[in-house]
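1. coords please:
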Amino acid sequence: MAEERLQRRLTAILAADVVGYSRLMAADEAATLAALKALRKEAIDPKIGEHGGRVVKLMGDGELIEFASVVNAVECAVAIQRAVQQINSRVPEDRRIIFRIGVSVGDIILEGEDIYGDGVNIAARLEGIAEPGGISISEDAWRQVQGKVAASFIDIGEQTLKNIPQPVRVYRVVLEPARETSPAGPGLATLEKPSIAVLPFQNMSGDSEQDYFCDGMVDDIITGLARIKWLFVIGRNSSFAYKGKSPDIRRVGRELGVRYVLEGGVRKVGNRVRITGQLLEAETGSHVWAERYDRTLDDIFALQDEITMSVVGAIEPSLRKAEIERAKRKRPESLDAYDLVLRAAPFTYSHTAEDAEKAIPLLEKALELESGYAAAHAALAWCYHFRFRFGLRETDRAAAIQNARAAIANGGDDATALGIAGFVLSLEAHDHAAALNVFERALTLSNSNVFALHCSALILSFMGKTEQAIERAQRALRLSPFDFLNYLSFNALAISYLHSGRCADAHDAARSSVQLNPRFSVCHLFLIAALVRLGRHEEAAAEAREVLARDPAFTINRFSITVGIEPSVFTPLAEAWRTAGLPVG
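-> Okay, the predicted model is just below:
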């Protein structure tokens, strides 16, 4: 019974400790304590607050901090170390207070305000092996943050940590990526449109016969990326001029006039092959995305297709995030329609009426500049959908449908715009058949487009087409494991698993959805249904309170108006929500 009362949750943990604290205290105890206090006030506490951290406890020379998001935890660690470096530049070297930081993500046990568990222990051990002024993170943390934080990482391999039974693969965070100097040479003007060159992958096997496999895979990746409407891809002949060379990435960017460069390598050993890829920003050489794939060579052509889909599927959201950050840095008077859509993106997909209000003027201005811009119409359709969901104004529903149809009419070659438009058309016009046709068009254009996969998986789950919904959701999650919209596919899995009686699997999927997007009340709804079906009524009631805290006007009948779920799927969900205490109407 005691074990059942333990409160657990998945969280990110940051452990920090002062290097050489005993030496500093021995030299001047009062000055060290005063300096540490000032450093916490000036450089550490503000960063913790900015990134949504909670200080669990102070331990003299160290701190233990909890975050709901591992991205926030690593960004906070980076911000702290950079702030401390800046302050230390004004301090004599022998009096500098320098931190080591470790970050992990894992299941923890709550006891009052304190936390315990493997996640805490691993963070503390990672801090212990970090370099002075450095950050070490676990592999689980690295998988969730790569491509999402302004830092690169070095894999230092599996490490045996004190009192941790299994070795842990550890990554060091590179705060200031080394940038090789290169003399400026002749080059092309970089296009205003985002552009990429895919360099020939290196054959690291020592077997020249494997060149055809490397080159064939690069050809397929170039073709796959070329299907992304908003991305300009350098042709094969230009990219392959660098075959057999190790050029400076910034030189490649200048010579080809591209913003991003993808490079990689292939190593074959026996019947296994390891493929690595990394996406770099050409101007700075900084990492945007990196991944490693280990596979068997049972069917070389199937493998080539699988890796191509995985790379293309993962790169698109990573590039989109990098482009959003780039647009934020541009002067307002220099923004074109594309930049305006990017500036609106963080508000477009946040699922609150308040943020939709911020996105809509930017998107409407984009359409003033380019009236047939499918991406702007699709984003507007999404925003008006959420305005309708919270306000139930028919004008918002009509605007959502109108913009969805405009996106479909103008976006014949834009898989992302089609995916979003089909989603809104299904929800607002309740025209599932038309929506499925739009999804098929999108996936014919680009079978690795994660927007189309996420959106179609959710609509298929609403329709009770569980097998197809599960297949598309799993494909989206496999292609792009770190996409910010992955909660859509987890919701599709939760609904489909509930509909097919797999309640434990539904719970796991719904829990993942809530962890990815805790602010969105709908994610909590499907977790409630799974908890009720598992007989965990107290937890379900707690989640129901979370729904009402985020959406005070929520009722089951109101939700049914804004989401067209088939009765055979919706009725069991509604019964579970009533059981958990949510109002009917």
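2. hey, let's count contacts and neighbours off CA atoms from now on
-> OK.
3. how about low-confidence regions in the protein?
-> 1-6, 175-193, 206-209, 229, 237, 300-301, 326-334, 480-482 (pLDDT under 70).
4. please repeat the previous calculation with a cut-off of 50.
-> 1-4, 176-191 (pLDDT under 50).
5. ok, longest helix in it?
-> Of all segments of type helix in the chain, defined using DSSP state H, the longest is helix 300-329.
6. which parts of that helix are buried?
-> 303-304, 307-324, 327 (16 or more other Cα atoms under 10 Å).
7. count the residues that sit near Lys37.
-> Using other Cα atoms under 10 Å, Lys37 has 12 neighbouring residues.
8. quick one, what contacts it?
-> Counting by Cα atoms under 8 Å, 6 or more residues apart in numbering, Lys37 makes contact with nothing.
9. secondary structure class for it?
-> helix (DSSP: H, G, I helix; E, B strand; the rest coil).
10. what do you get for Trp230?
-> Applying three-state DSSP: Trp230 is coil.
11. so what's the residue count around it?
-> Neighbours of Trp230 using other Cα under 10 Å come to 18.
12. again with Gly60
-> Neighbours around Gly60, by other Cα under 10 Å: 11.
13. from Val18, how far off is it?
-> 9 Å (Cα to Cα, to the nearest Å).
14. ditto for Phe520
-> 38 Å.
15. equivalent analysis for Asp61, please.
-> Asp61 is 5 Å from Val18, where distance means Cα to Cα.
16. the more surrounded of these two?
-> The neighbour comparison of Asp61 against Val18 (other Cα under 10 Å) goes to Val18, with 20 against 16.
17. for that one, which residues are in contact?
-> By Cα under 8 Å, 6+ apart, Val18 lies in contact with 61-62, 97-100.
18. got a ChimeraX select line for the buried ones in those residues?
-> Filtering the contacts of Val18 down to the buried ones (16+ other Cα under 10 Å) takes a single ChimeraX command:
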select :61,62,97,98,99,100
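19. tabulate the contacts of Val18 in JSON lines, adding columns for distance to Phe213.
-> Rendered in JSON lines, the data for the contacts of Val18 read as follows (distance: Cα to Cα, whole Å):
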{"residue": "Asp61", "distance to Phe213": "54"}
{"residue": "Gly62", "distance to Phe213": "51"}
{"residue": "Ile97", "distance to Phe213": "52"}
{"residue": "Ile98", "distance to Phe213": "48"}
{"residue": "Phe99", "distance to Phe213": "46"}
{"residue": "Arg100", "distance to Phe213": "43"}
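20. between the contacts of Val18, which is closest to Glu113?
-> Of all the contacts of Val18, Gly62 has the smallest distance to Glu113: 17.0 Å, by Cα to Cα.
21. what sits against the closest one?
-> For Gly62, the contact set (Cα under 8 Å, 6+ apart) comprises 15-18.
22. quick check, nearest of those to Gly585?
-> Checking these against Gly585 by Cα to Cα gives Ala15 as the nearest, at 46.7 Å.
23. just to be sure, the closest one is in a strand?
-> Yes. Applying three-state DSSP, one finds Ala15 inside a strand.
24. distance of it relative to Leu58?
-> According to Cα to Cα, Ala15 and Leu58 sit 10 Å apart.
25. before we move on, the earlier item: format the contacts of Val18 as TSV; extra columns: secondary structure.
-> Formatted as TSV, the contacts of Val18 follow (three-state DSSP):
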residue	secondary structure
Asp61	coil
Gly62	strand
Ile97	coil
Ile98	coil
Phe99	strand
Arg100	strand
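26. so which of the contacts of Val18 comes closest to His537?
-> After measuring the contacts of Val18 against His537 - Cα to Cα - the closest member comes out as Gly62, at 39.6 Å.
27. quick one, helices of the stretch 351-500 of the chain?
-> Remark: helices assigned in the stretch 351-500 of the chain by DSSP state H, counting those that start in this stretch are 353-369, 374-391, 394-410, 415-429, 432-445, 450-462, 466-479, 486-499.
28. closest to Arg236 out of those helices?
-> Closest to Arg236 of these, according to Cα to Cα: helix 432-445, at 20.0 Å.
29. tell me which other helices or strands that closest one touches.
-> helix 415-429, helix 450-462 (3 or more Cα pairs under 8 Å, 6 or more residues apart in numbering; DSSP states H and E).
30. tabulate these (JSON lines), appending distance to Arg259 and mean neighbour count.
-> Listed next are those as JSON lines, based on distance: least, Cα to Cα, whole Å; neighbours: other Cα atoms under 10 Å:
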{"stretch": "helix 415-429", "distance to Arg259": "21", "mean neighbour count": "28"}
{"stretch": "helix 450-462", "distance to Arg259": "22", "mean neighbour count": "28"}
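31. turn these into CSV, including distance to Leu24.
-> Listed next are the helices and strands packed on helix 432-445 as CSV, based on distance: least, Cα to Cα, whole Å:
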stretch, distance to Leu24
helix 415-429, 56
helix 450-462, 52
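32. for those, which one sits closest to Glu29?
-> Across the helices and strands packed on helix 432-445, Glu29 has its closest neighbour in helix 450-462 (56.2 Å, Cα to Cα).
33. run through the neighbouring helices and strands of the closest one.
-> By 3+ Cα pairs under 8 Å, 6+ apart, helix 450-462 packs against helix 415-429, helix 432-445, helix 466-479, helix 486-499.
34. can I get those helices in a markdown table with distance to Leu10?
-> Below are those laid out as a markdown table (distance: least, Cα to Cα, whole Å):
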| stretch | distance to Leu10 |
| --- | --- |
| helix 415-429 | 31 |
| helix 432-445 | 34 |
| helix 466-479 | 19 |
| helix 486-499 | 16 |
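35. looking at these, which is nearest to Asp28?
-> Closest of those to Asp28 is helix 486-499, at 51.7 Å (criterion: Cα to Cα).
36. list the contacts of the closest one.
-> 454-455, 457-462, 464-467, 469-470, 473-474, 476-477, 503, 505-510, 512-514, 516-517, 523, 526-527, 530, 569.
37. out of Ala15 and Leu58, which sits in the busier spot?
-> Taking other Cα under 10 Å, Ala15 and Leu58 do not tie; Ala15 has more neighbours (26 against 12).
38. wait, that one sits on Val103?
-> Yes. If you go by Cα atoms under 8 Å, Ala15 and Val103 touch, sitting 6.4 Å apart.
39. got JSON lines for the helices of the stretch 351-500 of the chain, with distance to Leu280 too?
-> Formatted as JSON lines, these follow (distance: least, Cα to Cα, whole Å):
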{"stretch": "helix 353-369", "distance to Leu280": "28"}
{"stretch": "helix 374-391", "distance to Leu280": "25"}
{"stretch": "helix 394-410", "distance to Leu280": "31"}
{"stretch": "helix 415-429", "distance to Leu280": "23"}
{"stretch": "helix 432-445", "distance to Leu280": "26"}
{"stretch": "helix 450-462", "distance to Leu280": "21"}
{"stretch": "helix 466-479", "distance to Leu280": "19"}
{"stretch": "helix 486-499", "distance to Leu280": "24"}
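40. helix, strand or coil for Arg9?
-> Here Arg9 is strand, with the state taken from three-state DSSP.
41. burial measure for it, as a count.
-> With other Cα under 10 Å as criterion, Arg9 counts 13.
42. now do the same contact list for it.
-> 107-110.
43. the closest residue to Leu24 other than its chain neighbours - how many residues pack around it?
-> Nearest in space to Leu24, with sequence neighbours left out and distances taken as Cα to Cα, 6 or more residues apart in numbering, is Thr32 at 6.3 Å. Counted with other Cα under 10 Å, residues neighbouring Thr32 total 20.
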